[in-house]
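Colleague: need a 3D model of the sequence below.
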Amino acid sequence: MFKIGTFYKCFEFIKFQEFEDGLRDYCTKRKIKGTIILTPEGINATVSSNEDKALEDLNLYLNKLLGNLVFRFSFSNISPFKRLKIKIRKELVPSGTNGKSYEHNGKYLNPSEWHTFIKNPNNIIIDVRNDYENKVGTFKNSISPDTKNFREFKSFLKKNKNKLQDKKIGIFCTGGIRCEKALYSFEEEGMNDIYQLQGGILNFLLESEDKSSWQGECFVFDERVTVTKDLVPGKYKQCYACRRPLSETDLKKSEYKKGISCHNCFFEKSDSDRIRYAERQKQFDMKKS
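Modeller: Reported below is the predicted structural model:
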């Protein structure tokens, strides 16, 4: 059984580059795999291990060095990561804004408060994730900005400013980090009555007793592809050409070729791309066999 931990912290991380080597060594010794992003505006990560207390030890290690980090845990029978990746980035998530993730006055709602908030028909609920994530699952009556990537969210706000102005708005994403950046974009447009689901969808599914407001599965950025309401791996597969989730119906479409293409990206990629992906899949199959 693999234990999975997600966490982030938004703060002015002055020595983030110097932090990499020690963190890599710590995780490697404890057989921790996953993705950790280090930036000037904080840290964001999803990691896993089947070693006893490895993530609990990492939690203590990071809290001692950085303070006030909250780990949220789930479990999987399959390993969600192949290796450890520590990435040095300019932003926690590419946003198209100049604001830092800690430069906002957001209001947070725990899962219980969120459940009450979204039942009020006068409140507007916005899913700040991408369109392919929203199609897999979302909260009832939420609005999708229909974005291909998070950098487009700022344009969505500009186009819909008149509709959203002076409204009470609730926003959510997978784990919370995109909402931290979205809050800054709202404030740039003069909208300040914004409420964020604390810990994102994953925390809601972890802690909420009543999950009826959530429909479908939740896309995650690892080998599980999606998780159900019970936070176990879902039924979706992934196109390894474009990384989008695929249902059982999608896998039967003519455009789908394992590791090479799917109906989402077939016309986005070139023939040379598909030749390269085919060779990559061939090498992967040989290694696996």
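Colleague: just the mean pLDDT for stretch 138-158, thanks.
Modeller: The pLDDT scores in stretch 138-158 average 95.
Colleague: and it, what's buried?
Modeller: Neighbour counts using 16 or more other Cβ atoms under 10 Å place 138, 139, 142, 143, 144, 145, 147, 150, 153, 154, 156, 157 of stretch 138-158 among the buried residues. (Each C-beta comes from the backbone N, C-alpha and C, glycine too.)
Colleague: which one of these is nearest residue 180?
Modeller: The shortest distance between residue 180 and any of the buried residues of stretch 138-158, using Cβ to Cβ, involves residue 150 and amounts to 11.5 Å.
Colleague: show me the buried residues of stretch 138-158 that map onto helices.
Modeller: Counting by DSSP state H, the buried residues of stretch 138-158 place 153, 154, 156, 157 in helices.
Colleague: in JSON lines: the residues you listed, plus distance to residue 209.
Modeller: Below are those laid out as JSON lines (distance: Cβ to Cβ, whole Å):
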{"residue": "153", "distance to residue 209": "31"}
{"residue": "154", "distance to residue 209": "36"}
{"residue": "156", "distance to residue 209": "33"}
{"residue": "157", "distance to residue 209": "33"}
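Colleague: still on that earlier bit, farthest pair in the buried residues of stretch 138-158?
Modeller: By the measure Cβ to Cβ, the buried residues of stretch 138-158 have their two most distant members at 139 and 154, which lie 22.0 Å apart.
Colleague: any idea which residue is closest to the centre of this structure?
Modeller: residue 174 (4.5 Å; Cα atoms, centre = their mean).
Colleague: circling back to that earlier point, out of the ones in helices among the buried residues of stretch 138-158, which is nearest to residue 123?
Modeller: When those are ranked by distance to residue 123 (Cβ to Cβ), residue 157 comes first, at 17.0 Å.
Colleague: that closest one contacts residue 186, correct?
Modeller: Yes: judged on Cβ atoms under 8 Å, residue 157 makes contact with residue 186 at a distance of 6.6 Å.
Colleague: isn't residue 32 up against residue 58?
Modeller: Yes: counting by Cβ under 8 Å, residue 32 touches residue 58, with 6.2 Å between them.
Colleague: what's whichever strand or helix holds residue 275 in contact with?
Modeller: For residue 275, the enclosing helix or strand under DSSP states H and E is helix 271-288. Residues lying outside helix 271-288 but in contact with it, judged by Cβ atoms under 8 Å, 6 or more residues apart in numbering, are 240, 241, 257, 258, 259, 260, 261, 269.
Colleague: which one (most neighbours) among these?
Modeller: Sorting the contacts of helix 271-288 by how many neighbours each has (other Cβ atoms under 10 Å) puts residue 241 first, at 25 neighbours.
Colleague: so what's the residue count around residue 184?
Modeller: Neighbour count for residue 184, taken as other Cβ under 10 Å: 20.
Colleague: checking it next. Helix, strand or coil?
Modeller: Applying DSSP: H, G, I helix; E, B strand; the rest coil to residue 184 yields a three-state assignment of helix.
Colleague: correct me if wrong: it contacts residue 96.
Modeller: No: contact between residue 184 and residue 96 fails when scored by Cβ under 8 Å: they sit 10.9 Å apart.
Colleague: separation between residue 178 and residue 235?
Modeller: Per Cβ to Cβ, to the nearest Å, residue 178 is found 24 Å from residue 235.
Colleague: the strands in the stretch 151-289 of the chain, which residues?
Modeller: Under the criterion DSSP state E, counting those that start in this stretch, the stretch 151-289 of the chain carries strands at the ranges 169-172, 194-197, 214-216, 218-219, 226-227, 237-238, 245-246.
Colleague: pLDDT at residue 50, what is it?
Modeller: pLDDT at residue 50 comes out at 95.
Colleague: ok, and the closest non-adjacent residue to it?
Modeller: If you skip the residues right next to it in sequence, residue 50 has residue 2 as its closest partner in space, 4.9 Å away by Cβ to Cβ, 6 or more residues apart in numbering.
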